[in-house]
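Q: Based on what follows, work out the 3D shape:
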Amino acid sequence: MSSILSFAGPRFTTKRLTLAGMLIALEVVLEKISIGDPTILKFGFGFIATALIGYYLGPWIGGWAMVVNDIISNTILNSGTAFFPGFTFSAFISGVLAGMFLYNQKITWQRALIYEFFQILVTNVIFTTLWIYIMSLNTGSTGKTFWALLLIRLPKEVITWPLEGIIVFLILKRLSKINLRV
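A: Numbers count the residues shown, from 1 in each chain. Prediction:
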């Protein structure tokens, strides 16, 4: 059951499609809930549903579920931000990472913290900073340098990493004891 990473996922069935739809809906709702000021430190809860998607659906179904979530969130339920395909790619990578670290794995606090570290590093620190930088170039503004944006964004990610890791651990540990069969 436990390996370092899981590259295999479950077969795509009607039951898993239904679960994916429910988890996507949960992700959409949790993304809208946040605490704090977006200009200083904003802490959202969408990461919980991302972890659940990876835990139950594996890397590949999880990746595509996150793509569907991104498209729904940024088209149908858009709150005024411009759609950018880079964020859709990041969403896919986010679902794949969640599935690789969490699907068919024994949930430990170390695994949860390592998963959140890579999730935050790859999707939030590297890709989101890159997409914001690219989008700032396209607006005709002078555009901040990638490194300046990274320095602005990095403290928030360092602060949220252990918080998200602990929350993911507590939720997934509890769900693993229920032994829900999907």
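
Q: surely residue 117 meets residue 165?
A: Yes - the pair residue 117 and residue 165 qualifies as a contact (C-beta atoms under 8 Å) at a distance of 7.4 Å. For the C-beta atoms, the positions are set from N, CA and C on the backbone; glycine is no exception.

Q: how far does the one helix or strand residue 157 maps to sit from the chain's center?
A: Element membership for residue 157 (DSSP states H and E) is helix 146-178. The chain centre lies 10 Å from the centre of helix 146-178; the measure is C-alpha atoms, centre = their mean, to the nearest Å.

Q: what helices or strands is it leaning on?
A: When contacts are defined as 3 or more C-beta pairs under 8 Å, 6 or more residues apart in numbering; DSSP states H and E, helix 146-178 packs onto strand 41-44, helix 46-71, helix 109-119, helix 129-138.

Q: Tally up the residues packed near the residue nearest to residue 115 when sequence neighbours are not counted, please.
A: Sequence neighbours aside, residue 101 is the residue nearest to residue 115 in space, at 3.7 Å (criterion: C-beta to C-beta, 6 or more residues apart in numbering). Residue 101 has 24 neighbouring residues, counting by other C-beta atoms under 10 Å.

Q: which secondary element of the protein has the worst mean pLDDT?
A: strand 34-37 (a mean of 71; mean pLDDT, DSSP states H and E).

Q: Now whatever helix or strand the residue nearest to residue 115 lives in: buried residues?
A: Following DSSP H and E, one finds residue 101 within helix 85-102. Across helix 85-102, burial judged by 16 or more other C-beta atoms under 10 Å covers 87-88, 90-102.

Q: what's it packed up against?
A: Using 3+ C-beta pairs under 8 Å, 6+ apart: helix 85-102 touches helix 46-71, helix 109-119, helix 129-138.

Q: now the one helix or strand residue 15 maps to against helix 46-71, angle please.
A: Per DSSP H and E: residue 15 is located in helix 14-32. Here the directions of helix 14-32 and helix 46-71 differ by 110 degrees (axes from the mean of the first three to the mean of the last three C-alpha atoms, to 10 degrees).

Q: For helix 14-32, give me every contacting residue.
A: When contacts are defined by C-beta atoms under 8 Å, 6 or more residues apart in numbering, helix 14-32 is touched by residues 10, 44-46, 48-50, 52-53, 56-57, 61, 65-66, 68-69, 72-73, 77, 182.

Q: Check stretch 114-129 too.
A: Stretch 114-129 has contacts (C-beta under 8 Å, 6+ apart) with 47, 50-51, 86-87, 89-90, 93-94, 97-98, 101-102, 146, 149-150, 153-154, 157, 160-162, 164-165, 168.
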